[in-house]
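>>> got a structure for you, letters missing:
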């Protein structure tokens, strides 16, 4: 079962965006995306909150996420979170094995 984790990083003085930029520029994001089982690793910026960054982080299953959490990259990420004094809110979602129900597909414009 696929797992998606929404991580909201909040700071001050633009630190959440600086964190995301450093994650990209130092190559950590590319390394995470290359990990076996990673399905998505993308940052988004809420229009109404310049001090928050949303990371959507998706994995094939819990085992893949566990391997990622045990990797040395987690120490690097933790250090950057400290550097930029970020606080986090986390939401975790499990995929629906049956996909999108037929009654919901009428609302999706392709």
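Nice, I can see it. Please read all numbers here as calculations on a predicted model, not as lab measurements.

>>> so where does residue 90 fall, helix or strand?
strand 87-94 (DSSP states H and E).

>>> show me what that strand is packed against.
Judged by 3 or more C-beta pairs under 8 Å, 6 or more residues apart in numbering; DSSP states H and E, strand 87-94 is in contact with strand 3-10. The way it works is simple: take the backbone N, C-alpha and C, and place the C-beta from them, glycine included.

>>> and the strand it packs on, which residues are buried?
The neighbour-count criterion (16 or more other C-beta atoms under 10 Å) identifies 3, 7, 8, 9 as the buried residues of strand 3-10.

>>> from those, pick the one nearest residue 63.
Residue 63 lies nearest to residue 3 out of the buried residues of strand 3-10, by C-beta to C-beta, at 10.2 Å.

>>> any idea of the pLDDT on the closest one?
Here the pLDDT value assigned to residue 3 is 96.

>>> all further residue positions should be reported with the first residue as 10.
All set: I'll call the first residue 10, so the last point we hit is now residue 12.
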